[in-house]
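Colleague: Whatever this is, show me its structure:
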Amino acid sequence: MSKIYYKSLEEIELIRESSTLVSKTLAEVAKVIKAGMTTIQLDKLAYEFINDNGAIPAFLNYNGFPYSLCISPNEQVVHGFPSDYVIKEGDLISVDCGVIKNNYFGDSAYTFSIGEVDAEKQKLVEVTKHCLELGIEKAVAGMRIGDVGFAVQHYAESNGFGVVRELVGHGVGVKLHEKPEVPNYGKRGVGPKLEEGMVIAIEPMINAGVAGVKFHKDGWTVTSKDNKPSAHFEHTVAIKKGKAEVLSTFSIIEEVLQKKINN
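Modeller: Modelled structure (predicted):
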């Protein structure tokens, strides 16, 4: 799909349904994620939950990817394989999820802090999440892709963090990855114009240290070049006039996390 695919209002509602299921799946992960469990346990839970809700895990078998979730601890940036890795207190665990429901895709990611994390990791998570919010603020009709990327890059770099260049956000909805690419860096006023009917995944991938990454021999796993922690947050967003419409949500994830703290 080399052209941008513009969605009707009906299609956007179907993408919202898929994106909401992604958010609910991440909330199921939030309920159980803790030190002592393995990341493959989270993958099995997500696979069952997505199927029980009449959908298909979008990542499973996508270009040969063998799991339902991408789970990337600490220095892993994205595309980490669920495994026998035992989650530890102080870890950052990035969980990326996609589903196909009624032939439409949703895509979102959340980075979980396990127990008490150190100050650097805490700041990294907060900055990366705010980068996403700033990118979404610029994702309105009439702006350009470069405006989104600039907002993310400027805030991340002003906090001393590295912005990953090799991996980008993307159009989403009819396929998992569509045009346009949505980099987390850029110049204001440059790039494809954002128009109503476009649906994009904005997904800052921010490293605590240098921006550079390493690609591993499994063909998927990506880590920070200096092995410092990385964080990743992602929303599926419909372009509108005045204000973007976020089709995925973090609120149900954070309600779960808050309940765990209160208990």
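Colleague: Are there helices or strands packed against the lowest-mean-pLDDT helix or strand in the chain, and which ones?
Modeller: Taking all helices and strands of the chain together, the one with the lowest average confidence (mean pLDDT, DSSP states H and E) is helix 251-262, at a mean of 95. Judged by 3 or more CB pairs under 8 Å, 6 or more residues apart in numbering; DSSP states H and E, the packing partners of helix 251-262 are helix 9-32. Backbone N, C-alpha and C define where each C-beta goes, glycine included.
Colleague: mean confidence score for the helix it packs on?
Modeller: Per-residue confidence for helix 9-32 averages out to 98 on the pLDDT scale.
Colleague: Quick one: low-confidence residue ranges for this structure.
Modeller: Counting by pLDDT under 70, the chain shows low-confidence ranges at 1.
Colleague: Looking at it, name the residue that lies furthest from the middle.
Modeller: Asn263 (27.6 Å; CA atoms, centre = their mean).
Colleague: thinking again about what came up before, quick check: buried residues in the least confident helix or strand of the chain?
Modeller: 253, 256-257 (16 or more other CB atoms under 10 Å).
Colleague: Turn those into TSV, including distance to Glu89.
Modeller: Formatted as TSV, the entries for the buried residues of helix 251-262 read as follows, by distance: CB to CB, whole Å:
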residue	distance to Glu89
Ile253	20
Val256	19
Leu257	15
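Colleague: So which residues of the stretch 51-200 of the chain form helices?
Modeller: Remark: helices assigned in the stretch 51-200 of the chain by DSSP state H, counting those that start in this stretch are 119-137, 145-158.
Colleague: Mean neighbour count, those: which tops it?
Modeller: Relative to the other members of those, helix 145-158 carries the highest mean neighbour count by mean count of other CB atoms under 10 Å, namely a mean of 22.
Colleague: what's that one packed up against?
Modeller: Packed against helix 145-158, as judged by 3+ CB pairs under 8 Å, 6+ apart, are the following elements: helix 119-137, strand 162-163, strand 178-182.
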